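> coords please:
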Amino acid sequence: MRITISLVFILVFFVSCDSSNPKKEVVSTTKKLSVIFDTDANNELDDQHALAYLFSNQDYFDIQAVTVNATRNGGNIQGHYDEAERIMHLFNIKQEFPLLKGADKSFLEIRDDLENANFDGFAAVDFIISEAKKHPDEKLVVIAVGKLTNLALALQKDPSIANNIRLVWLGANYPDPAEYNLEDDIPSMNYVLETDIEFEMVTVRYGKPSGTDAVKITQEEVNQNMPGLGPKINAPIVGRHGDKFDNFGDYSVNLFTYIDYYGDPPSRSLFDMAAVAIVKNPEWAKATEIPCPTMVDKRWVEQPNNPRRIIVWEHFDKENILIDFYQTLSRFN
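Purely as a prediction, here's the structure:
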């Protein structure tokens, strides 16, 4: 069934439903969402664009921290930390909130070591716990766009925080199996699903029009829309592939130069950016409440009698999401 997401505050959006005026901006007039963004930033290139969009929307998001984890692409935890740090430098916000290292290994490899003060991922996990405890009434929003290891470890270490967090996770091809973020640490996802945390699954669905895979752009669109977007910094950063950059738009063009493309026309999806977008404006996707499933042997098992419910996000408004992405970054220019 179609539901309306209940937030801890009221968002007032002025969004035109008239297709003749798709560029009308979304305007917030209310209290900002407290957010932690949990990312495997060096994995491909959608994380960087999600960070750029998040940093450009600080009139909506009160960012408490960026936490990183390591997935099987992008190197160890330091590589993911370094890439997130590059984007923070490009937006002149390195000192505004912490960037914290999370889990390098998997949930099952770390969970029995939580009594050790310096367990793998302690900086991010302990921060998630401490920040969540500050939100007994207005929930802390955790937008997670990688594996769920950091969240699972935080919930294992302190189960009391479950009711203080709204988790929005970019992951899964649900109801189909597979998907990168999910398969990188299935036990962490199953553990989180078994808690009472408010869980929203932002579907990926490779090759299907109903998931964030559909929010894709071509290299030609990047070359046309991205150059120069974002604030200009005085001390350029060295990018992941070399060269120096003083704005995010030019770095985006560089990232898209070093990536593989899929489909016809050849394009690349901005999965993670779409997850941020639907938190900003829930009207840009459809939310459905379902009984919480679980995963066994890498396949979903439905639990129709499960009283626990989660939200599944699908059918993303690609046009308005991308329009808002470009418009938001162009405010600096």
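> what stretches of the stretch 201-333 of the chain score poorly on pLDDT?
For the stretch 201-333 of the chain, not a single residue meets the criterion pLDDT under 70.
> Show me the helices in it, by range?
219-225, 248-257, 271-280, 318-330 (DSSP state H, counting those that start in this stretch).
> Dump those helices into JSON lines; add mean neighbour count and distance to residue 34 as well.
C-betas here are computed from N, CA, C, even on glycine. Conversion of these to JSON lines gives the following (neighbours: other C-beta atoms under 10 Å; distance: least, C-beta to C-beta, whole Å):
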{"stretch": "helix 219-225", "mean neighbour count": "15", "distance to residue 34": "31"}
{"stretch": "helix 248-257", "mean neighbour count": "22", "distance to residue 34": "24"}
{"stretch": "helix 271-280", "mean neighbour count": "28", "distance to residue 34": "12"}
{"stretch": "helix 318-330", "mean neighbour count": "19", "distance to residue 34": "20"}
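> I'd like to know which of the ones you listed is closest to residue 64.
helix 271-280 (14.2 Å; C-beta to C-beta).
> I'd like to know which elements the closest one is packed against.
Counting contacts by 3 or more C-beta pairs under 8 Å, 6 or more residues apart in numbering; DSSP states H and E, helix 271-280 is packed against strand 33-39, helix 46-55, strand 140-144, strand 165-170, strand 198-202, helix 318-330.
> then the fifth one to CSV, C-alphas only?
The reference is to strand 198-202. Provided in CSV are the C-alpha atoms of strand 198-202 (Å, rounded to 0.1, in the frame of the first residue of the first chain):
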residue,chain,number,x,y,z
GLU,A,198,12.9,2.3,11.8
PHE,A,199,14.1,0.7,8.6
GLU,A,200,13.6,2.1,5.1
MET,A,201,15.1,0.3,2.1
VAL,A,202,15.9,2.4,-0.9
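> Sheet-wise, list the partners of it with their directions.
strand 165-170 (parallel), strand 309-314 (parallel) (DSSP bridges).
> among those strands, which is the most enclosed?
Among the strands paired with strand 198-202, ranked by average contacts under mean count of other C-beta atoms under 10 Å, first place goes to strand 165-170 (a mean of 26).
> Just the C-alpha atoms of that one, please, in CSV.
Presented in CSV, the C-alpha positions along strand 165-170 are these (Å, rounded to 0.1, in the frame of the first residue of the first chain):
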residue,chain,number,x,y,z
ILE,A,165,17.2,6.2,14.7
ARG,A,166,15.5,6.4,11.4
LEU,A,167,17.7,4.3,9.0
VAL,A,168,17.4,5.0,5.3
TRP,A,169,19.5,2.4,3.5
LEU,A,170,20.4,2.4,-0.2
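> can you list contacts of the very next helix or strand once past that strand?
Per DSSP states H and E, the first helix or strand lying C-terminal to strand 165-170 is helix 180-183. With contacts defined as C-beta atoms under 8 Å, 6 or more residues apart in numbering, helix 180-183 is touched by 40, 43, 71, 145-148, 169-173, 189, 204, 295, 298.
> Quick one: mean pLDDT over helix 180-183.
What helix 180-183 shows for mean pLDDT is 97.
> try stretch 62-82
Here the average pLDDT along stretch 62-82 is 97.
> chain center to it: distance?
12 Å (C-alpha atoms, centre = their mean, to the nearest Å).
> May I see the buried residues of that stretch?
Within stretch 62-82, the residues scored as buried using 16 or more other C-beta atoms under 10 Å are 63-71, 74, 77, 79-82.
> Where helices are concerned, which of those count?
77, 79-82 (DSSP state H).
> want to try JSON lines for those residues, with distance to residue 238 as columns?
Shown next, in JSON lines, are those (distance: C-beta to C-beta, whole Å):
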{"residue": "77", "distance to residue 238": "20"}
{"residue": "79", "distance to residue 238": "14"}
{"residue": "80", "distance to residue 238": "17"}
{"residue": "81", "distance to residue 238": "15"}
{"residue": "82", "distance to residue 238": "10"}
